[in-house]
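**Q** the following comprises the amino acid sequence and a computationally predicted model.
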Amino acid sequence: MESNKIETVKKFLIATYTGDTSLVDSHASENIKISYPIFTKIFNSPLLEGKEKLKNFITHFATKFTDGKITIHETVSQDDNIIFIWSFDAVNTESGNNEYWGGITLYKLDSNGKISLELGEESTPGPVARLQS
């Protein structure tokens, strides 16, 4: 059962950051909360809340970054909490340059097995890249 939770959240992560909104309704709770430090700069708020805001974010993100690729380096799972250490690279549509960053993200699942929280930290270089420097 634990591996099913991990795979579900992994699919959601990859879909979200590659522009695919199709999993939001089936994988996210109605009042999902998503927070990363960069959100304050982008949205003037550290928090996005709700499926519709998430779908809008995914759609907008996909217009800024194409050919996104996520690599999950480590996974920690306990009960309804899943943590990924990940890296991301994509083409910035404004500059045409590849951009790379990484982070650590905690996902919490509700009693229905839907994602209720995505709480992350991101940086450039990401955690794994810093170890390789």
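**A** Noted; the coordinates are in hand.

**Q** which sections of this protein are below the confidence cut-off?
**A** Along the chain, segments meeting pLDDT under 70 span 1, 133.

**Q** could I get the buried residue list for stretch 101-115?
**A** Of the residues in stretch 101-115, those with enough neighbours to count as buried (16 or more other CB atoms under 10 Å) are 101, 102, 103, 104, 105, 107, 108, 109, 114, 115. In short, each C-beta sits where N, CA and C put it, glycine included.

**Q** ok, residue 116 to residue 29 distance?
**A** From residue 116 across to residue 29, the span is 4 Å (CB to CB, to the nearest Å).

**Q** now do stretch 41-58: distance from first to last residue.
**A** One end of stretch 41-58 sits 17 Å from the other (CA to CA, to the nearest Å).

**Q** which residues are in contact with each of residue 116 and residue 29?
**A** Shared contacts of residue 116 and residue 29 (CB atoms under 8 Å, 6 or more residues apart in numbering): residue 110.

**Q** now do the helices in this protein.
**A** In the chain, helices defined by DSSP state H lie at 2-16, 24-27, 38-43, 51-64, 127-132, listed in chain order.

**Q** so which of those helices is the most packed in?
**A** Of all the helices of the chain, helix 2-16 carries the top mean neighbour count, a mean of 17, counting by mean count of other CB atoms under 10 Å.

**Q** and that one, what does it pack against?
**A** Using 3 or more CB pairs under 8 Å, 6 or more residues apart in numbering; DSSP states H and E, the elements in contact with helix 2-16 are helix 24-27, helix 51-64, strand 65-78, strand 81-92, strand 98-109.

**Q** can you rerun that using 6 Å?
**A** Under the contact definition 3 or more CB pairs under 6 Å, 6 or more residues apart in numbering; DSSP states H and E, helix 2-16 sits against strand 65-78.
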